[in-house]
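Participant: predicted model and sequence below, questions to follow.
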Amino acid sequence: MNYWPLAGIAIVVAGFALRFNPLLVVVVSALATGLLAGLDFVAVVEALGKAFNDNRYISVTWIILPVIGLLERYGLQQRARGLIENMRGATMGKLLVVYLGFRQITAAIGMKDIGGHPQAVRPLVAPMAEAAAEKSHGDLPDEEREKVKAMSAATDNVGLFFGEDIFFAIASILLIQGVFESAGYPLTPLQLSVWAIPTAICAFLIHGGRLLAMDRRLGKLPAVETEAGR
Amino acid sequence: MITYEWLFILAGAFFAIWALLSLRDRKWGNAAFWGLLAASFFFGSHLSDFANGVLVLAMVGIAGVGGLKRSDPPTTTLEERLNFSALLGNKLFVPALIVPITAVAGTLLYNYTPFGETGLFEERRETLILFGIGVLFALAAAMVWLRPPVLAPAEEGRRLLDSIGWAAILPQMLAALGAVFALAGVGDIIGAMAGAVIPEGSILLTVIVFALGMALFTMIMGNAFAAFPVMAAAIGIPLLVEDYGGNPAVIGAVGMLAGFCGTLMTPMAANFNIVPAALLELKDQNGVIKQQIGTAIPLWVCNVVIIYVGAFLLWT
């Protein structure tokens, strides 16, 4: 057996690790794989062109951008912030659990750019979580303050990752569809996206449970503690 | 019958407008890149495979030399946005909801009522076509309601598109890479190697290797999208689907999510893990990852169980 085509995988791994432009890495890998499998250069370019053309539907999803951009022009982000700010007064754990659910649900209906680290976590979610933790607990040791901030960012990621695939018209779902279709297994986007729901529920339960456990742990922590004993 | 070809012409029109606006903005690289993508949508079905391949190489060349720039089209100020958001309230979410509602309700109606017998849509393509129709409805509704300048949706869309940049076509490129891998027999080679290592007939063990491969490759590459074509070609399709007869939808969808668990645990996924640590001025640049591990590992186990149960036990 000719093992050389595997070099294509090594090129992807090395190229991503060395931070070359990912598009460039992918094309070089595709060309190398084809050539090492014994195809001539023209045939490899043809194969790449055909495959790119067959998978055009994946990039159709960007036509939603004018809708989202237009709504942002009229304050969509600010409205989302208003909704989150209404949570003032909750404990840190409850605040982040609600944000987790909010992020999962909005991502699941295609609004994955509501939230995000620069737009929501730094200006809003992290400061609110910190304030809530201080209110219920008193002054926090630095180490705990760091953990609360890091957990706010983590909550945004978990909510996005395990919400967005429920939306069928998203790149990852269509990428799965494309790969399976190329291999002779035609699937529909909805067939795939419903299978993101069980994992989304697990993610909410696991991460939500950890957030509430963090609340309890902070509650048990003496108010003015040094890091010495920890 | 409405086919994908209609959708491609619609998308081609959007990208052509973005290319023209980039041209007006003197962003030549952006104009060329989005113009080539528009050409791919408009003419791809009529060009030869080789011409399509050259088009891909040209786009990658533009991106590779850093030809794509962010753009800053005129928009509203923060103060204006705050005023609008107070004035318009939660109704702002409604136009965005039109899109998924049109697509999901339309798909259900099409599949479970006599509406489907009209044969209006290309087979198995109805959801994405309805998504396109939903976008047009939502745009029309937002334009009538908000009455922005005529070019506003195009310019606001360009602002978002240019913030995504070349990454907008990365998933399509990765799917193409998957197809080239399949053609070159990469899946067969790894499938044979994995088959030699995994004890014959152990479905659960194969599911674990597949999910572990997704997570580990994602951690190395920092990107589950890049790991997916590799692991699908290596284990997902040849072993789980073909040899063991598993449900391809579950294997694909949940396999990707097992990869996302890897994304939570790697500094290579800088946008999600390292950038926020910097934004929040954490002392430990891996602080966010440390908080995520406790969720990622049990969730990965859940994904293994979901694949095993959903793709095999419930699928006969």
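Facilitator: Alright, I've got the coordinates.

Participant: which parts of stretch B:5-19 are buried?
Facilitator: Across stretch B:5-19, burial judged by 16 or more other CB atoms under 10 Å in any protein chain shown covers B:6-8, B:10-12, B:14-19. (Each C-beta comes from the backbone N, C-alpha and C, glycine too.)

Participant: show me the residues you listed that map onto helices.
Facilitator: Per DSSP state H, helices hold the following members of the buried residues of stretch B:5-19: B:6-8, B:10-12, B:14-19.

Participant: how about the helix or strand bottoming out on mean pLDDT in chain A: buried residues?
Facilitator: Every helix and strand of chain A was ranked by mean pLDDT, DSSP states H and E. The lowest is helix A:76-85, at a mean of 83. Within helix A:76-85, the residues scored as buried using 16+ other CB under 10 Å are A:76-81, A:84.

Participant: hmm, back to that, out of the ones in helices among the buried residues of stretch B:5-19, which touch chain A?
Facilitator: B:7-8, B:10-11, B:14-15 (CB under 8 Å from any CB of the partner chain).

Participant: want to try JSON lines for those residues, with pLDDT as columns?
Facilitator: Listed next are these as JSON lines, based on pLDDT from 0 to 100:
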{"residue": "B:7", "pLDDT": "95"}
{"residue": "B:8", "pLDDT": "97"}
{"residue": "B:10", "pLDDT": "97"}
{"residue": "B:11", "pLDDT": "97"}
{"residue": "B:14", "pLDDT": "98"}
{"residue": "B:15", "pLDDT": "98"}
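
Participant: got the end-to-end distance for stretch A:121-128?
Facilitator: Start to finish, the residues bounding stretch A:121-128 are 9 Å apart (CA to CA, to the nearest Å).

Participant: and that stretch, average pLDDT?
Facilitator: Averaging pLDDT along stretch A:121-128 yields 88.

Participant: what of stretch B:77-92?
Facilitator: Confidence for stretch B:77-92, expressed as mean pLDDT, is 91.

Participant: which residues are in contact with that stretch?
Facilitator: A:71-79, A:82-83, B:76 (CB atoms under 8 Å, 6 or more residues apart in numbering or on different chains).

Participant: redo those residues as TSV? Include distance to residue B:249.
Facilitator: Listed next are those as TSV, based on distance: CB to CB, whole Å:
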residue	distance to residue B:249
A:71	32
A:72	34
A:73	38
A:74	38
A:75	38
A:76	32
A:77	34
A:78	38
A:79	35
A:82	38
A:83	34
B:76	42
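
Participant: which pair of these spans the longest distance?
Facilitator: Maximum pairwise distance among the contacts of stretch B:77-92 (CB to CB): 19.9 Å, between A:83 and B:76.

Participant: tell me who's in contact with residue A:152.
Facilitator: Here residue A:152 is in contact with A:96, A:99, A:121, A:125-126, A:129-130, B:280 (CB under 8 Å, 6+ apart).

Participant: since we're on the nearest residue to it once chain neighbours are set aside, how many residues are nearby?
Facilitator: Closest residue to residue A:152 apart from its sequence neighbours, by CB to CB, 6 or more residues apart in numbering or on different chains: residue A:126 at 4.1 Å. Residue A:126: 26 surrounding residues under other CB atoms under 10 Å in any protein chain shown.

Participant: ok, residue A:126 to residue A:78 distance?
Facilitator: Going from residue A:126 to residue A:78 by CB to CB, to the nearest Å gives 18 Å.

Participant: and the residue of the stretch 151-300 of chain B found nearest chain A, what element?
Facilitator: Closest to chain A within the stretch 151-300 of chain B is residue B:156: 2.8 Å, counting by CB to the nearest CB. Assigned by DSSP states H and E, residue B:156 falls within helix B:152-164.

Participant: ok, then the element right after that helix?
Facilitator: Next helix or strand after helix B:152-164 toward the C-terminus (DSSP H and E): helix B:170-184.

Participant: now do that next one and helix B:152-164, the angle between them.
Facilitator: Put simply, helix B:170-184 runs at 60 degrees to helix B:152-164, going by axes from the mean of the first three to the mean of the last three CA atoms, to 10 degrees.

Participant: pLDDT (mean, whole number) over helix B:170-184?
Facilitator: 86.

Participant: now narrow the buried residues of helix A:76-85 to whatever sits close to chain B.
Facilitator: Within the buried residues of helix A:76-85, those near chain B by CB under 8 Å from any CB are A:76-79.

Participant: how many residues are close by the nearest residue to residue B:179 once chain neighbours are set aside?
Facilitator: Closest residue to residue B:179 apart from its sequence neighbours, by CB to CB, 6+ apart: residue A:51 at 3.6 Å. Neighbour count for residue A:51, taken as other CB under 10 Å: 27.

Participant: quick check: phi and psi at the residue nearest the centre of chain A.
Facilitator: Nearest to the mean C-alpha position of chain A, counting by CA atoms, centre = their mean, stands residue A:161 at 3.5 Å. Per-residue torsions, residue A:161: phi -60, psi -40 (degrees, to the nearest 10).

Participant: among the contacts of residue A:152, which are in helices?
Facilitator: A:96, A:99, A:126, A:129-130.

Participant: between which two of the residues you listed is the distance greatest?
Facilitator: A:99 and A:130, at 13.4 Å, using CB to CB across the ones in helices among the contacts of residue A:152.

Participant: so between these two, which is more surrounded?
Facilitator: Comparing residue A:99 with residue A:130 by other CB under 10 Å, the one with more neighbours is residue A:99, at 25 against 18.

Participant: what sits against residue 50?
Facilitator: If you meant another chain, say so; for now it's chain A. Per CB under 8 Å, 6+ apart, neighbours of residue A:50: B:49, B:52-53, B:179.

Participant: the chain in question should be chain B.
Facilitator: A:42, A:45-46, A:49.

Participant: circling back: now the helix holding residue B:156: average pLDDT?
Facilitator: On average, helix B:152-164 scores 93.

Participant: coming back round to it: need the contact partners of the least confident helix or strand of chain A.
Facilitator: A:68, A:99, A:102, A:106, A:114-115, A:119-120, A:123-125, A:128, B:81-82, B:84-85, B:88-90, B:92-93, B:96.

Participant: report how many residues lie close to residue B:259.
Facilitator: So residue B:259, with other CB under 10 Å, has 29 neighbours.

Participant: kindly apply the preceding question to residue B:293 instead.
Facilitator: 14.

Participant: same deal with residue B:296?
Facilitator: 25.

Participant: enumerate every residue touching it.
Facilitator: Listed by CB under 8 Å, 6+ apart, the contact set of residue B:296 reads B:261-262, B:264-265.

Participant: give me the subset of the residues you listed that lies in helices.
Facilitator: B:261-262.

Participant: now, which of the contacts of residue B:296 sits nearest residue A:17?
Facilitator: residue B:262 (14.5 Å).

Participant: my read is that the closest one contacts residue B:224, right?
Facilitator: Yes - applying CB atoms under 8 Å, one finds residue B:262 in contact with residue B:224, separated by 6.6 Å.
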